[in-house]
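In: no sequence on hand, only this structure:
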């Protein structure tokens, strides 16, 4: 009898409704919805940084790349976004390297790139693997 008691109420339209509350984040001031009254922060990031944000005042700074003003609590921050930071550090002439496998010159995407294509990388890796296999085989025999 207990297992069917709740089903009757749900079918009659007495289902539980969730009452969301509209609150403001104490860190960033963003509006968010919550089910629990004691929630004070809009995200995990704001919750983790509550002490940091409480201690430091907001500073108005100018981005070195786009020259727009932005607010931050960090005194060492000089860019408004990751995009501006990336454009600033990768500006100028593209870096050129010589492929270790085929010897062609290519423009690098990352500073630790040694091969011009994935095909060259695979060829070099196969050569290394074969060489290591032969060395191990010689040691065992």
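Out: Nice, I can see it. Quick caveat, the model's predicted, so the values are computed rather than measured.

In: can you give me the helices in this protein?
Out: Taking DSSP state H as the criterion, the chain carries its helices at 2-11, 44-48, 50-55, 82-89, 118-140.

In: now do the buried residues in stretch 103-122.
Out: Within stretch 103-122, the residues that qualify as buried by neighbour count (16 or more other Cβ atoms under 10 Å) are 106, 115-116, 120-121. In this view, the C-beta of every residue, glycine as well, is placed from N, C-alpha and C.

In: ok, stretch 23-37 next?
Out: When neighbours are counted by 16+ other Cβ under 10 Å, the buried residues of stretch 23-37 are found to be 23, 25, 27, 32.

In: stretch 77-89 now?
Out: Applying a neighbour-count criterion of 16+ other Cβ under 10 Å, one finds 79-80, 84-85 buried in stretch 77-89.

In: before we move on, the earlier item: of the buried residues of stretch 23-37, just say which sits nearest to residue 99.
Out: Closest approach to residue 99 among the buried residues of stretch 23-37 (Cβ to Cβ): residue 27, at 48.4 Å.

In: just give the number of residues close to the spatially closest residue to that closest one that is not a sequence neighbour.
Out: Sequence neighbours aside, residue 46 is the residue nearest to residue 27 in space, at 4.0 Å (criterion: Cβ to Cβ, 6 or more residues apart in numbering). Residue 46: 18 surrounding residues under other Cβ atoms under 10 Å.

In: same question, residue 40
Out: Applying other Cβ under 10 Å, we find 14 other residues in the vicinity of residue 40.

In: how about the contacts made by it?
Out: The contact partners of residue 40, taken as Cβ atoms under 8 Å, 6 or more residues apart in numbering, are 23, 25-26, 47.

In: now, which of those sits nearest residue 126?
Out: Comparing these against residue 126 with Cβ to Cβ picks out residue 47 as the nearest, at 48.9 Å.

In: follow-up on the earlier one: mean pLDDT lowest for which of the helices of the chain?
Out: If you rank the helices of the chain by mean pLDDT, helix 2-11 sits at the bottom with a mean of 52.

In: state the distance from residue 34 to residue 77.
Out: Counting by Cβ to Cβ, to the nearest Å, the gap from residue 34 to residue 77 is 30 Å.
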